[in-house]
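>>> Sharing a model prediction with you, sequence too.
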Amino acid sequence: KIPAVRRAVMMRILALAMAVFGLRNKEIPLETRLSAMNDPDTLRCGADLNCNFVTNKHICVDIIHTKFKNTTGLAKDFWEATNQTALESQWTVRMARVKNSSWCVSVQEAYEYSMQDGPDAFEGKGCDCAFYTCLGTDTCDFLQYNMSTEPAPYNDPYTQNCFAECCADMAKKCEKENSNALTGMPTAKPTVKSNPTSKPTPQISGSPTSYPTDSPTPYPTGSPTKFPTADPTETPTEFPTVSPTQTLYTQKYEAAWPYCTDIQCGTFTLAQAKAFCDARPTCTGFSYTKGNPATGSGCYKECGTSENFAGYGFKTHGYWAKGPVVDAMKVKYTSQYPHCTNIRCGSFTLSDFKHMCESDASCSGFSWPEGNPEDGRGCLKKCGSDEASAGYGTGTYGYWVKTV
């Protein structure tokens, strides 16, 4: 007869084995949780109910996935990396009951697991998207969180940047640029003719002329002018009238835009956007649909002197800046990069990444794949006065440095 204690241990081992080798169902129970600040439709994270990022800085991840080390390429699973092996059997039994391998973990625990290979995590293996359970995470609350407020080394943006990349479709709902309810701007096309008013108007509508006039009817001024309009000159002037100066707008980012203060969002043409921004001194630029279609959507931005204080959106929109854009980056290393503090990591265009570094006073440079492809992935670096203090990474990445 098997003693009760031994039988209990065997049951735990059996439950763990079932979890590791058979529990790969990532469907989340259809139970919504209404406590999230910006994500009221966030689904329950498996058997764990403690995944409200606003209150406890937790995100939803697939911890059973970390047991498959031949897939993750990491030496330790989640429990080993976070020194919580004593909790493994208890957690797996709970997960087996709901047939779900997701669990809520802190951003610090996610860092300890993901960064166990050291500072080359992003440049080396990139992002392990199977680790993140997008539907069970308070996406907007997490992505809008300022990671720099975490104590070192947990202030590294790796986990947040990887979540944004792996859960890009979920991240779109957090951005006004991708909202289905953009309002406040005139439509690019005439609106459909409205129905007659329900009550008679105070005055009779003017009758149209019986035949075309010789010239277009002039638009009335918004209010009476102080002086009568001057008559046109009888003969052409000696020199053409000087055109008014126009504000220069430069497309700074092709597939990214800063999360600055939104003045107004809507649907418009590029010409309308420039005119709107021209009329507002605090407007520093505007986001606009990627590819610059004839009519697009976006938001007018008030970034002040620092556009990067709240991070960036990417992929669906670009960004037009008021004024010229500097070019102050050059290649320093072709196959190595310094292990400085990461400011931001992700997949961008080379041009966009250059301008992001130029716009951040703390950015010293960035890692980028060898050969400098136009599309790639890398990390903005904060090196200060000594880039060699933490050593260098070598391999398939080089390094661009800011020259001014």
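Perfect, thanks for sending it. Numbers count the residues shown, from 1 in each chain.

>>> And S243, what's its pLDDT?
The score at S243 is 50. That number is its pLDDT.

>>> Equivalent analysis for S194, please.
50.

>>> Also the one 10 residues further on?
As predicted, I204 sits at a pLDDT of 53.

>>> again, but for N52
N52 is given a pLDDT of 81.

>>> All the helices of the stretch 101-250 of the chain, residue numbers only.
For the stretch 101-250 of the chain, applying DSSP state H, counting those that start in this stretch gives helices covering 107-114, 121-124, 139-143, 158-166, 168-171.

>>> Reformat the ones you listed as TSV; add mean neighbour count, distance to T261 and mean pLDDT.
To be clear about C-beta, it is placed using only N, CA and C from the backbone, and glycine gets the same treatment. Listed next are the helices of the stretch 101-250 of the chain as TSV, based on neighbours: other CB atoms under 10 Å; distance: least, CB to CB, whole Å; pLDDT from 0 to 100:
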stretch	mean neighbour count	distance to T261	mean pLDDT
helix 107-114	22	26	94
helix 121-124	20	29	79
helix 139-143	23	17	88
helix 158-166	23	20	89
helix 168-171	16	20	83
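
>>> The ones you listed into JSON lines, with extra columns for distance to D262?
JSON lines is the format used below for the helices of the stretch 101-250 of the chain (distance: least, CB to CB, whole Å):
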{"stretch": "helix 107-114", "distance to D262": "27"}
{"stretch": "helix 121-124", "distance to D262": "29"}
{"stretch": "helix 139-143", "distance to D262": "15"}
{"stretch": "helix 158-166", "distance to D262": "19"}
{"stretch": "helix 168-171", "distance to D262": "17"}
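
>>> Ok, which of these comes nearest C363?
Among the helices of the stretch 101-250 of the chain, the nearest to C363 by CB to CB is helix 158-166 (14.8 Å).

>>> The helices of the stretch 101-250 of the chain: which one's closest to N372?
Short answer: helix 121-124, nearest of the helices of the stretch 101-250 of the chain by CB to CB, at 14.7 Å.

>>> residue nearest the centroid of this protein?
By CA atoms, centre = their mean, the chain has its centre lying nearest to G313, at 2.9 Å.

>>> Do you know the pLDDT at that residue?
So G313 comes in at 84 (pLDDT).

>>> For stretch 331-349, the averaged confidence score.
93.

>>> Also stretch 372-392?
Per-residue scores along stretch 372-392 average to 93.

>>> Pull out the buried positions in that stretch.
For stretch 372-392, burial by neighbour count (16 or more other CB atoms under 10 Å) applies to G376, R377, G378, C379, L380, K381, C383, E387.

>>> and if you look at stretch 76-95?
76-82, 88-89, 91-95.

>>> which sections of the stretch 51-200 of the chain are below the confidence cut-off?
Scanning the stretch 51-200 of the chain for pLDDT under 70 picks out the ranges 178-200.

>>> how about 80 then?
For the stretch 51-200 of the chain, the stretches flagged by pLDDT under 80 are 97-99, 119-121, 124-126, 172-200.

>>> which residues does the spatially closest residue to C127 that is not a sequence neighbour contact?
Of all residues not flanking C127 in the chain, C162 sits nearest, at 3.7 Å (CB to CB, 6 or more residues apart in numbering). Contacts for C162 (CB atoms under 8 Å, 6 or more residues apart in numbering) come out as S114, F122, C127, D128, C129, Y132, C345.

>>> gap between C162 and I59?
11 Å (CB to CB, to the nearest Å).

>>> intersection of neighbour lists for these two?
With CB under 8 Å, 6+ apart as the test, C162 and I59 both reach Y132.

>>> Verify the contact between E112 and W79 for me.
No. E112 is beyond contact range of W79, at 10.8 Å (criterion: CB atoms under 8 Å).

>>> so where do the helices sit in the stretch 301-404 of the chain?
Going by DSSP H, counting those that start in this stretch, the stretch 301-404 of the chain shows helices at 350-358.

>>> where do the strands sit along it?
Ranges of strands in the stretch 301-404 of the chain, per DSSP state E, counting those that start in this stretch, are 312-314, 317-322, 329-333, 336-338, 341-349, 365-369, 375-382, 392-394, 397-402.

>>> Looking at those, spot the one closest to I63.
Nearest to I63, of the strands of the stretch 301-404 of the chain and by CB to CB, is strand 341-349 at 22.6 Å.

>>> mind checking the SS state of N292?
coil (DSSP: H, G, I helix; E, B strand; the rest coil).

>>> how near is the closest residue to it other than its chain neighbours to C260?
Among residues not flanking N292 along the chain, L270 sits closest, at 6.6 Å (CB to CB, 6+ apart). To C260, L270 is 19 Å away according to CB to CB.

>>> out of those two, which sits in the more crowded spot?
Just comparing L270 and C260: by other CB atoms under 10 Å the higher neighbour count belongs to C260, 22 against 19.
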